[in-house]
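K.L.:
got a predicted structure plus its sequence, pasted below:
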Amino acid sequence: MKILCHCRHFINIPFAPQEVRHSVASPSDLPPLGNPEILEGENDLTCLSFLHEPAVLHNLRVRFLDYNNIYTYCGIVLVAINPYEQLPIYGEEVIDAYSGQDIAGMEPHIFSVAEEAYRAMIREKKNQSIIISGESGSGKTVSAKFTMRYFAVVGGAAQQTSVEEKVLASNPIMEAIGNAKTTRNDNSSRFGKYIEIGFGNHGDIIGANMRTYLLEKSRVVFQAQEERNYHIFYQLCAARKFPEMRTLKLEAAECFRYTNQGGSTQIPGTDDLADLERVRNALAVLGIRSDQQMEVFRILSAVLHLGNISIQASGRGGDRSYAEDPSLLAFCKLLGVDRAQMAHWLCNRRLAVGGEMLVKPMSGQQAGDARDALAKHVYGQLFSWTVSRLNVALRAKKEKPDSFIGVLDIYGFETFARNSFEQFCINYANEKLQQQFNLHVFQLEQEEYEREGLPWSRIEFSDNQPCITLIEGTLGLLDLLDEECRMPKGSDENWARKLYDQHQNHSPHFGKPRMSNLAFIIFHFADTVRYECDGFLDKNRDTIFEEPINILRASQSELVAELFLKEPAGGVLSSSKPSVPNGSLHSEKRAHREHKQTVGFQFRQSLMTFNSRWHEFLQIVKILMLYTPHSDIEERVTLNFIRTVQGLLKERLDGQTRQLLLDVRRVFPVTFPHSPSPLLRADQLTIPDSLKISFLRRV
Ligand SMILES: Nc1ncnc2c1ncn2[C@@H]1O[C@H](COP(=O)(O)OP(=O)(O)OP(=O)(O)O)[C@@H](O)[C@H]1O
């Protein structure tokens, strides 16, 4: 088809209008329309006359690069671009400027979101929640901290009282034990966190409660190149020469197998020693005394020594030579447990054969795996204990909170060169979050249009339920994984085969890589991710042998005994609920039952619980989608953001734009580098300067 296009440049264009002939195969190949100059750098994307991907990106780019503005509204969503530099926009004076203001007249800001939540909570006496979403490294944790600081200031007395101080103090502690350096983010959260800040009837903070989701325990024993284990390990190693730390028998982080595998023990620009100081101060604020802190540090150091126990192939007298190992010595001493017994049960396992109990030596590989499983378990228990302890300290003392504001900061969607069970769970959580987000945004947007009396026919939006069903539905990926885990001879290979049989050619969100029989692909809402099946079964089972746990239960250290008495199961989810006092028969039975549940099963349950609570009480005011440009906006793209905006606008666009595009006289004769696919790629985002002017001006 041949179309004659007229191009007329407006103001500031130094040459006369021209007429250009341009051939396009179909109207859908025509470039999208530009917005009028007056809307350039608009602070709410939904105010743009033409709302499509290039316009959205261009507007964000103008605000970010030309006006130094990292925040933009998109209806009820606040979009933030990670500036990767300290900006002077978070001081007390800025908090004061937003506090008590009607945000309609204020520039978009994380504080405007917080203020709106706060005011709505006071005004309507309804709980509020702020959902922070975005890919790994986009700035969620930083944003969560800013919102918490805002609440601490507006919900606190003139002088910071202990409650606000405690709420803020939970951050450095959780980051030390739950964050680590990944190739995407030097301070990546490896767990999900939902914190509810409780307010009294005068709008003052009176307590808080934290719930965490699936800690990435595998990091305790393995780190990929350029990555680190949890920060706390490096902080302790850095402080090893302090007198009080000498008993921990620590060496430099390079000397421990659990901290040196990534080959990078330092993070440029951070000071582990200073960070440990911050953690210790925060622990003190939360009422954890120095002697209790040392108990925690002893357990953490023991984990490092456990990783250095040298495992040799089994043979006669193995237990004895094992027992002389200096790392085993340090491990047992620090945990206050019997060395000979521990040595024995690190090399052997008990088997039930025909009603009889037999002791069978393990191979070197098995013993190494069992040791790593124990290390992960000890760390996981300590993590859960810390969360419970913080919750006790944060609990409202005098009165029950009148209402609360929840802040959800869950690990961001991620994809690496090699993706395993952890990425699978993280991305599954993000699928669920995206679904809630879609539901909520569409519902709220449409309700607002109706309130304003706009002529609007309700739209159905595309949902990511099919992808979620693929993962959690009957005979879905998790179901088949659990089934394979129950098989005596279950293997990653068999599971992969079952996945292909069940889903290849049947599920649009599932794919099999051509060159592998041990990998699968999921077409997520945010990106396409290839997962390697290798290790899924082990990670899902998270098996831990009972005997070493029994030894730990008998520890002379009160804390060690407590960790394993209360929750002997491989606790996958640390929840805010206090653990059962004393190891009663009932609690042990419950724990054993939990023990049998797989990681995937428990994770699915926790996400479901969250979803159901969402409907019960959440009144969401704003949702943040954060955008990661690194140094330049074109460099990286937050796919889920684009997808969301697209989803948000889809119907409107499809109707209106098609109409406009058909009106070919009003279209520019240029090939705008827009993406015809649902996802924009980084290289398609560059808007050449020569085209920019044309694009910006509506003809
Ligand atoms: N508003 C901001 N101002 C300045 N720097 C920021 C801001 N937000 C984020 N950053 C920088 O980006 C880094 C990554 O941010 P953050 O840890 O919050 O990402 P995240 O989305 O929580 O990632 P993950 O999902 O991996 O936990 C921070 O360490 C900080 O250097």
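P.N.:
Arrived safely, thanks for sending.
K.L.:
the nearest residue to Y213 once chain neighbours are set aside: what's it in contact with?
P.N.:
Residue nearest to Y213 in three dimensions, not counting chain neighbours: G192, with 3.3 Å by Cβ to Cβ, 6 or more residues apart in numbering. For the C-beta atoms, the positions are set from N, CA and C on the backbone; glycine is no exception. Going by Cβ atoms under 8 Å, 6 or more residues apart in numbering, G192 touches T212, Y213, L214, L408, D409, I410, Y411, A429.
K.L.:
same thing but at 10 Å, please
P.N.:
Neighbour list for G192: 178, 211-215, 408-411, 425-426, 429-430, 433, 573, 603, 606-607, 610 [criterion: Cβ atoms under 10 Å, 6 or more residues apart in numbering].
K.L.:
for P548, same thing?
P.N.:
306, 337, 341-342, 344-346, 349, 370-371, 373-374, 377-378, 564.
K.L.:
tell me which of those is nearest to L478?
P.N.:
A373 (20.9 Å; Cβ to Cβ).
K.L.:
if I've got this straight, that closest one is in a strand?
P.N.:
No - going by DSSP: H, G, I helix; E, B strand; the rest coil, the assignment for A373 is helix, not a strand.
K.L.:
sec struct for the closest residue to it other than its chain neighbours, please.
P.N.:
Closest residue to A373 apart from its sequence neighbours, by Cβ to Cβ, 6+ apart: I544 at 5.0 Å. Classification of I544 by three-state DSSP places it in coil.
K.L.:
and I544, how far from A169?
P.N.:
Using Cβ to Cβ, to the nearest Å, we find I544 at a distance of 32 Å from A169.
K.L.:
so for the two, which sits in the more crowded spot?
P.N.:
It is A169, of I544 and A169, that has more neighbours when counted by other Cβ atoms under 10 Å, with 23 against 19.
K.L.:
got a list of what the more buried one touches?
P.N.:
A169 sits next to 162, 278-279, 281-287, 390, 393-394 when contact means Cβ under 10 Å, 6+ apart.
K.L.:
again with T182
P.N.:
By Cβ under 10 Å, 6+ apart, the contact list for T182 reads 136-137, 188-190, 216, 219, 223-224, 226-228, 262, 414, 416.
K.L.:
so which bits of the stretch 301-450 of the chain are right by the ligand?
P.N.:
Applying Cβ under 6 Å from any ligand atom, we find that the stretch 301-450 of the chain lies next to the ligand at Y411, G412.
K.L.:
what residue in the stretch 301-450 of the chain comes nearest to the ligand?
P.N.:
Closest residue of the stretch 301-450 of the chain to the ligand, Cβ to the nearest ligand atom: G412 (3.3 Å).
K.L.:
that older thread, my read: the residue nearest to A373 touches A370, true?
P.N.:
Yes - with contact defined as Cβ atoms under 10 Å, I544 counts as touching A370 (8.1 Å).
K.L.:
show me where the stretch 151-300 of the chain has its helices.
P.N.:
162-178, 231-238, 257-260, 272-285, 290-308 (DSSP state H, counting those that start in this stretch).
K.L.:
once you drop chain neighbours, what's closest to the residue of the stretch 301-450 of the chain closest to the ligand?
P.N.:
Leaving aside its chain neighbours, G412 sits nearest to S136 (3.9 Å; criterion: Cβ to Cβ, 6+ apart).
K.L.:
same check, this time on L334
P.N.:
Nearest residue to L334 in three dimensions, chain neighbours excluded: A302, at 4.0 Å (Cβ to Cβ, 6+ apart).
K.L.:
follow-up on the earlier one: pLDDT at the residue nearest to A373, what is it?
P.N.:
For I544, the pLDDT comes out at 85.
K.L.:
how far away is it from D372?
P.N.:
I544 sits 10 Å away from D372, going by Cβ to Cβ.
K.L.:
which residues does T386 contact?
P.N.:
T386 sits in contact with 170, 173-174, 176-178, 212, 232, 283, 286, 288, 296, 574, where contact means Cβ under 10 Å, 6+ apart.
K.L.:
just send the residues you listed back as JSON lines, with distance to the ligand and neighbour count too.
P.N.:
Putting these into JSON lines (distance: Cβ to the nearest ligand atom, whole Å; neighbours: other Cβ atoms under 10 Å) gives the following:
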{"residue": "S170", "distance to the ligand": "16", "neighbour count": "23"}
{"residue": "I173", "distance to the ligand": "16", "neighbour count": "23"}
{"residue": "M174", "distance to the ligand": "11", "neighbour count": "24"}
{"residue": "A176", "distance to the ligand": "14", "neighbour count": "26"}
{"residue": "I177", "distance to the ligand": "14", "neighbour count": "23"}
{"residue": "G178", "distance to the ligand": "9", "neighbour count": "25"}
{"residue": "T212", "distance to the ligand": "13", "neighbour count": "24"}
{"residue": "I232", "distance to the ligand": "16", "neighbour count": "25"}
{"residue": "L283", "distance to the ligand": "21", "neighbour count": "23"}
{"residue": "L286", "distance to the ligand": "22", "neighbour count": "21"}
{"residue": "I288", "distance to the ligand": "24", "neighbour count": "19"}
{"residue": "V296", "distance to the ligand": "23", "neighbour count": "20"}
{"residue": "S574", "distance to the ligand": "17", "neighbour count": "27"}
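K.L.:
list, one by one, the residues from this structure near the ligand.
P.N.:
Contact residues (Cβ under 6 Å from any ligand atom) of the chain with the ligand: 82-87, 134, 136-142, 185, 187-189, 411-412.
K.L.:
and this protein, what are its domain boundaries?
P.N.:
Annotated domains of the chain cover 2-53+646-696, 421-533 [automatic domain parsing].
K.L.:
of those domains, which shows the lowest average pLDDT?
P.N.:
domain 2-53+646-696 (a mean of 45).
K.L.:
shaky segments in the stretch 201-350 of the chain?
P.N.:
313-323 (pLDDT under 70).
K.L.:
for the ligand, what's the nearest residue on it?
P.N.:
For the stretch 201-350 of the chain, Cβ to the nearest ligand atom, closest residue to the ligand: G269, 8.8 Å.
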